[in-house]
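Chemist: this one's structure only:
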């Protein structure tokens, strides 16, 4: 499959200090640039790529819902299909958030799974789940325009870019090849699959999201399957666990947040389906937005940085019609 991509380097080509100096003081902020995007530059997220996770109500009785966008091809599709299978089997109903590690992750799953302190039995998994190989942590991408691209170095990979709305790290085996490996990266709000020691890769029954500084050392070591697009505050604000790795200890099981259900948006009644869209990472507006993230010239800023980490250029996502 041929992918025509815009690399992070291409989008930040104007991010050099000279270009930054030429930007007028009081230039638009990144958010203001996004607000100027045309309707044609926004891409609808299919309903089958959205999950709605309903948590137990908050202490004040207010509802808590989290919306997850699942990863699109060519990345992590074995795990993504497992997650759809688990959601449609209603397997996620009545599981819980069982780990909250400060500046790291929130994790949810069956509290009785692999838990020697548990008094109950683990939930049996539904039929039809794939055992996904470690080779699927990365995808092979062929890009006809690769040799003409300018790419920025990255501490955790050869270079970084965006593929169809997702931030990825990349590695090229040969400077003369149009084929390279690419993989999604651990930025804030990304959703991944919990696993045991290799060669286990996880089924999708245990999931987590990043709530702190991007743990890029996990790239290519754990499957990433999506990102939180709404309701992150319901997870990042949960009480931290005091057990090992932030798991809730046997003395604090009351801190676990029950998860009432996780449903694919496509399986909800039409009137209840959330609708979201993301700013095309191939668009002119996204290129301007990425440049502005690297070179802040809006009124608050004094010195533009001249560059930005891939995780500091979050892809804009909004409710459809906004």
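Modeler: Here it is on my side, so go on. Keep in mind the model is a prediction, meaning the values are calculated, not measured.
Chemist: then residue 297 would be within a strand, right?
Modeler: No. With DSSP: H, G, I helix; E, B strand; the rest coil as the criterion, residue 297 is coil rather than part of a strand.
Chemist: need the pLDDT of it.
Modeler: Among the per-residue scores, residue 297 shows a pLDDT of 90.
Chemist: is it true that it touches residue 27?
Modeler: Yes. Taking contacts as C-beta atoms under 8 Å, residue 297 lies within contact range of residue 27: 4.0 Å. Glycine gets a C-beta too; all of them are placed from N, C-alpha and C.
Chemist: who has more neighbours out of those two?
Modeler: residue 297 (21 against 17; other C-beta atoms under 10 Å).
Chemist: which residue ranges of the stretch 101-250 of the chain form helices?
Modeler: 233-236 (DSSP state H, counting those that start in this stretch).
Chemist: C-terminal to the helix or strand hosting residue 33, what's the next element?
Modeler: Assigned by DSSP states H and E, residue 33 belongs to helix 30-35. Later in the chain than helix 30-35, the nearest helix or strand by DSSP H and E is strand 42-44.
Chemist: what pLDDT, on average, does the following helix or strand past that next one get?
Modeler: Per DSSP H and E, the first helix or strand lying C-terminal to strand 42-44 is strand 50-55. Model confidence over strand 50-55, given as mean pLDDT, is 99.
Chemist: give me the contact list for strand 50-55.
Modeler: The set of residues external to strand 50-55 that reach it, using C-beta atoms under 8 Å, 6 or more residues apart in numbering, is 63-70, 83, 87, 92, 97, 226, 229, 231, 234, 257-266, 268, 273-274, 276.
Chemist: 7 Å instead?
Modeler: 64-70, 87, 234, 257, 259-265, 268, 274, 276 (C-beta atoms under 7 Å, 6 or more residues apart in numbering).
Chemist: next one: stretch 209-217
Modeler: Contacts of stretch 209-217 (C-beta under 7 Å, 6+ apart): 103-106, 156, 185-191, 228, 235-236, 311.
Chemist: buried residues in that stretch, which are they?
Modeler: Neighbour counts using 16 or more other C-beta atoms under 10 Å place 209, 210, 211, 214, 215, 216 of stretch 209-217 among the buried residues.
Chemist: with pLDDT and distance to residue 130 added, can I get those residues in CSV?
Modeler: Shown next, in CSV, are those (pLDDT from 0 to 100; distance: C-beta to C-beta, whole Å):
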residue, pLDDT, distance to residue 130
209, 99, 22
210, 99, 24
211, 99, 28
214, 97, 28
215, 98, 25
216, 98, 26
